[in-house]
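Asks: Here is the input, now give the coordinates:
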Amino acid sequence: MSIHRHKKALQEIWKSFKRMFVKNRLVPYTTALSVLFLSITFALPVWRLLPLAEQSPFIALHYNIYLGVDRFGPVYQVFFLPGVGIFFLLLNLFIQARAYKNQKMLSLFFASATPLLEFILCAAMVLIVLTNI
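Replies: Numbering: from 1, shown residues only. Just a heads-up that it's a prediction; the model follows:
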């Protein structure tokens, strides 16, 4: 009985998600911009930091202007930022789809906040890469 109820709820969210993309012109652009920033955040360490992994097992993960590099770690930890970006993109898209039917303004807030968040994560990744090269 509860499986059908959850299936119906997911179908409603999917319908709202499709309606949101078709009827609102802002949502496809902000989602595309978010995916662009997310792909840059993922591609940058693959392009610049994975070749460094052969030379050194640890890379600088955080830089402090007072102390310099204050956190080192293995190369795979640099992919934490793209993971956070994927999580927030999916979470914000889910909240947008859920809120679009009743609260369009909240949905538009999340649509415009997602590219900003992805840009901040991308800028952090650029700074991590610049610290290591």
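
Asks: which residues make contact with the helix or strand bottoming out on mean pLDDT in the chain from outside it?
Replies: The helix or strand of the chain with the poorest confidence is helix 2-23; it has a mean of 80 (mean pLDDT, DSSP states H and E). Helix 2-23 is contacted from outside by Val27, Pro28, Thr31, Leu93, Phe94, Gln96, Ala97, Arg98, Tyr100, Lys101, Ser107, using C-beta atoms under 8 Å, 6 or more residues apart in numbering. Placement of C-beta: from N, CA and C, glycine included.

Asks: Can you flag the buried ones in the residues you listed?
Replies: Val27, Thr31, Leu93, Gln96, Ala97, Arg98, Tyr100, Ser107 (16 or more other C-beta atoms under 10 Å).

Asks: Three-state assignment for the fifth one, please.
Replies: Secondary structure assignment for Ala97 (DSSP: H, G, I helix; E, B strand; the rest coil): helix.

Asks: Please read off the pLDDT at it from the model.
Replies: The predicted local distance difference test score for Ala97 is 86.

Asks: how about the nearest residue to it, chain neighbours excluded?
Replies: Distance criterion C-beta to C-beta, 6 or more residues apart in numbering; nearest residue to Ala97, sequence neighbours excluded, is Phe17 at 3.8 Å.
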